[in-house]
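Engineer: Provided below for reference: sequence and predicted model.
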2 protein chains.
Amino acid sequence: MNELDLITRLTKSLPANDAVVVGAGDDCAVLDLGVPGRLLLFKTDAVVEGVHFTPDTPPEQIGHKALARCLSDIAAMAGTPTAALVTLALPLGFDPARIEAIYTGLNALARRHGVAIAGGETTTNPGGLLLSIALLGWVEAGRCVRRAGVEVGDALFVTGELGGSLAGKHLSFEPRLAEARWLAVHFLPHAMIDLSDGLASDLRHLLQAGREARGAELLARALPVSRAAKLAHREGRSPKPPVLAALTDGEDFELLFAVTSREAVLLQDAWRKQFPNLSLKCIGKVTTGTAVTIRDQHGSKSLPRHGYVHFADGAGG
Amino acid sequence: MNELDLITRLTKSLPANDAVVVGAGDDCAVLDLGVPGRLLLFKTDAVVEGVHFTPDTPPEQIGHKALARCLSDIAAMAGTPTAALVTLALPLGFDPARIEAIYTGLNALARRHGVAIAGGETTTNPGGLLLSIALLGWVEAGRCVRRAGVEVGDALFVTGELGGSLAGKHLSFEPRLAEARWLAVHFLPHAMIDLSDGLASDLRHLLQAGREARGAELLARALPVSRAAKLAHREGRSPKPPVLAALTDGEDFELLFAVTSREAVLLQDAWRKQFPNLSLKCIGKVTTGTAVTIRDQHGSKSLPRHGYVHFADGAGG
């Protein structure tokens, strides 16, 4: 049994109560605790040495990444973050200066977004450093954007550029909180998710979150391929063609969302005025059925579930 | 630098905001998020293989312990728990059946206390299994009991029995949620803490939480020494005299609290009727100064900060 199958089994029969509006399976848990007109967002995420960072990673960036990942999930539901707790699992013989530097990075990001660090816990972790963040946020009841909600014909948008994040962006990205708030206030997307696993995977999470699964048609030319992905391929550091990197690299922490097609042009114009330094690309549209296809100059091909291998064949051919 | 010194440094200048009523340093963080008349309680705690449990620990008890520790902290502030997230850091080659059994224990405890498991996160932890719980609860604004608040002359009470927890109780204890709620409604303690580090340590946390540190005078005869602590000593499994075990063993997860001395008798009577199966003992009183002393048939001696060595000498002599 792999991790995904295990999660599916574990989340099948979790204890629930009236406070839970959205449980496991979205970017954050959504709770109604009686704040008039507001829902609470609740998220945890951990980064682990050897998995999400290395012993060589600048410690300030470890702290930044740990909190930024959770902030990105609050952004994905158009929320505003409020307060976090930090669980620090320390290896034996840890270096206190390294831990202090981790907090320097974490605190700087927290201050920039008005997030309080309200405490936490330290424990011993014989295997290595692990940093887990628990984060609370809130969103107006009418502005909470979930993964579920795409409609056939919706235009699919992504912020920023995709691919090649491991060259550095995964440690220094800025969570798209202001952008998501603005979107929710002015265009209220039907559905939204932050890109952590890679566009090909996370697009499916979006399309399959509702009661009825949907498909999508992407335009290869419209994908905002990052300079980092192009460079990595050109310089031989990555075997992936850039478009494939943009589809599958993961850890982009950009927003993917769906709005009605008639709002697409209006949105593009308004976005350019509001966020002149961050690209917004319409990459395709939501379709009936459940297939995800991608069209390039050679025609249309399907993007299978674990599609990067398949697509790599095509793109490389 | 040890863990405690590090925590002191890290918590000195944490980012704050208007939502934080109580930050680092109490049993839970306390937040005001705008629920009329209510405060939010926010807590995280992690259990780690090789530290809090072993590869032989029945997995249901691992899950139970992980959640129960957090519930005990909600109890210590007289709160009601609402919803939890579970962060599961899995070693390579984990056994899915073990993880499912962990959830069985965790879910059973959650259901018993009406707590929703609203999701969580899994990640890889090369060093071994780590389970971190983030828990939300609430308390009426007027009934939140903090660590700070003891007054000179207050009677000090503990629930249950102390010492010898490692013989089994640390894996199966029931958090004192109902008892703490009842206390807050009927007697509103001046201060309260749950006993995780051991009475000698946690009493000092209570006495030193306020702006002005206080002392205490304990009666050795009044300490509710557990049968497990007595047996462990008698059978040679522990070198600690039972009273010393009750003072220093830790992981008791009972409540220690302070009420005015004139309420002490009234409380004892009401408690016996309400909780006939759980002992409540008045173990001493709050004094001026900052010294903590303990009196037995040979007289009064001081219980130094890292006092168990000293006291062991006396008790063993």
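Structural biologist: Nice, thanks for sending it over.
Engineer: tell me which parts of the stretch 51-200 of chain A are close to chain B?
Structural biologist: Counting by Cβ under 8 Å from any Cβ of the partner chain, the positions of the stretch 51-200 of chain A adjacent to chain B are A:51-52, A:82-83, A:85-87, A:89-91, A:96, A:99-100, A:103, A:107, A:110-111, A:114-128, A:130, A:132, A:134, A:136, A:138. From N, CA and C alone the C-beta is placed, and that goes for glycine too.
Engineer: what do you get if the cut-off is 7 Å, keeping everything else the same?
Structural biologist: Neighbours of chain B within the stretch 51-200 of chain A, by Cβ under 7 Å from any Cβ of the partner chain: A:51, A:82-83, A:85, A:87, A:89, A:96, A:99-100, A:103, A:107, A:110-111, A:114-128, A:130, A:132, A:134, A:136, A:138.
Engineer: Please produce a ChimeraX select command covering the buried subset of the residues you listed.
Structural biologist: Restricted to buried positions by 16 or more other Cβ atoms under 10 Å in any protein chain shown, the ChimeraX selection for these reads:
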select /A:82,83,85,87,89,99,100,103,107,110,115,116,117,118,119,120,121,122,123,125,127,128,130,132,134,136,138
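Engineer: Filter the residues of the stretch 51-200 of chain A next to chain B down to the ones in helices?
Structural biologist: The helices, defined by DSSP state H, take in A:Pro96, A:Ile99, A:Glu100, A:Tyr103, A:Asn107, A:Ala110, A:Arg111 from those.
Engineer: Could you measure from the residue in chain A that chain B sits nearest to over to B:Leu129?
Structural biologist: Closest contact between chain A and chain B, by Cβ to the nearest Cβ, is at A:Gly127 (0.9 Å). Per Cβ to Cβ, to the nearest Å, A:Gly127 is found 10 Å from B:Leu129.
Engineer: ditto for A:Ala110
Structural biologist: 29 Å.
Engineer: Relative to the whole chain's centre, how far out is stretch A:273-285?
Structural biologist: Remark: stretch A:273-285 is offset 17 Å from the chain centroid, using Cα atoms, centre = their mean, to the nearest Å.
Engineer: pLDDT on that stretch, on average?
Structural biologist: Stretch A:273-285 carries an average pLDDT of 98.
Engineer: For that stretch, list every residue counted as buried.
Structural biologist: Going by neighbour count (16+ other Cβ under 10 Å), the buried part of stretch A:273-285 is A:Phe275, A:Leu278, A:Leu280, A:Lys281, A:Cys282, A:Ile283, A:Gly284, A:Lys285.
Engineer: for stretch A:10-17, same thing?
Structural biologist: Result for stretch A:10-17 [16+ other Cβ under 10 Å]: buried residues A:Leu10, A:Thr11, A:Leu14, A:Pro15.
Engineer: what do you get for stretch A:91-108?
Structural biologist: By neighbour count with 16+ other Cβ under 10 Å, stretch A:91-108 contains the buried residues A:Phe94, A:Ile99, A:Glu100, A:Ala101, A:Ile102, A:Tyr103, A:Gly105, A:Leu106, A:Asn107.
Engineer: check contacts around the closest residue to the fourth one other than its chain neighbours.
Structural biologist: Across the structure, with Cβ to Cβ, 6 or more residues apart in numbering or on different chains as the measure, the residue nearest A:Ala101 apart from its sequence neighbours is A:Pro59 (3.7 Å). Under the criterion of Cβ atoms under 7 Å, 6 or more residues apart in numbering or on different chains, the contact list for A:Pro59 reads A:Arg98, A:Ala101, A:Ile102, A:Gly105.
Engineer: now A:Glu251
Structural biologist: Shown in contact with A:Glu251 (Cβ under 7 Å, 6+ apart): A:Ser165, A:Leu166, A:His170, A:Ser196.
Engineer: again, only this time at 10 Å
Structural biologist: A:Glu251 makes contact with A:52, A:65, A:69, A:163-166, A:169-171, A:173, A:195-198 under the criterion Cβ atoms under 10 Å, 6 or more residues apart in numbering or on different chains.
Engineer: that older thread, just to check, the residue of chain A closest to chain B is in contact with B:Leu90?
Structural biologist: No. With contact defined as Cβ atoms under 10 Å, A:Gly127 does not count as touching B:Leu90 (11.3 Å).
Engineer: anything in contact with each of those two?
Structural biologist: By Cβ under 10 Å, 6+ apart, the residues touching both A:Gly127 and B:Leu90 are B:Asn125, B:Pro126, B:Gly128, B:Leu129, B:Leu130.
Engineer: measure the last one to B:Asp18 for me?
Structural biologist: What that stands for is B:Leu130. 33 Å.
Engineer: since we're on A:Arg237, how many residues are nearby?
Structural biologist: 13 (other Cβ atoms under 10 Å in any protein chain shown).
Engineer: Tell me if I'm right that it and A:Ala167 touch.
Structural biologist: Yes. Using Cβ under 10 Å, A:Arg237 is in contact with A:Ala167, at 8.0 Å.
Engineer: Okay, now the unreliable bits of the stretch 1-150 of chain A?
Structural biologist: Applying pLDDT under 70 to the stretch 1-150 of chain A flags residues A:1.
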